[in-house]
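Asker: Sequence and predicted model, in that order:
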Amino acid sequence: MRVTSKGQVTIPIDIRERCGIGPHTEVRFVVENGRVIIEPQTGTGDRGEEAVQRLRKARLRTRLSTDQLLALTRGDEP
């Protein structure tokens, strides 16, 4: 496979089928021991949406009220 001047390569169809990579599939690149691994991206690929999902699953570890938390994020004085 040759990399184009835009940094693009074509993934052969047999590899795409084995890895479940179809049209519009988000992929991520991982570098391990000098090798590049391409794998399907789990989730939406939207960093903001992924952050919201992580926050929804997170356990609340504070006794602050919502108003207190908002004041902290805004930099309001206590």
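Answerer: Noted; the coordinates are in hand.
Asker: Averaged over its residues, which helix or strand of this structure has the lowest pLDDT?
Answerer: helix 47-57 (a mean of 74; mean pLDDT, DSSP states H and E).
Asker: where's residue 28, which helix or strand?
Answerer: Residue 28 belongs to strand 27-32 when elements are defined using DSSP states H and E.
Asker: Show me what that strand pairs with in its sheet, parallel or antiparallel.
Answerer: For strand 27-32, the paired strands and their directions (DSSP bridges) are strand 35-40 (antiparallel).
Asker: ok now the strand it pairs with, how far from the chain's centre?
Answerer: Taking the mean of its C-alpha atoms, strand 35-40 sits 14 Å from the chain's own mean (CA atoms, centre = their mean, to the nearest Å).
Asker: Same question for stretch 31-45.
Answerer: Its chain's C-alpha centre and that of stretch 31-45 lie 10 Å apart, by CA atoms, centre = their mean.
Asker: again with stretch 14-34
Answerer: 14 Å.
Asker: And that stretch, what's buried?
Answerer: Buried residues in stretch 14-34, defined by neighbour count with 16 or more other CB atoms under 10 Å: residue 21. For every residue, glycine as well, the C-beta is placed using N, CA and C.
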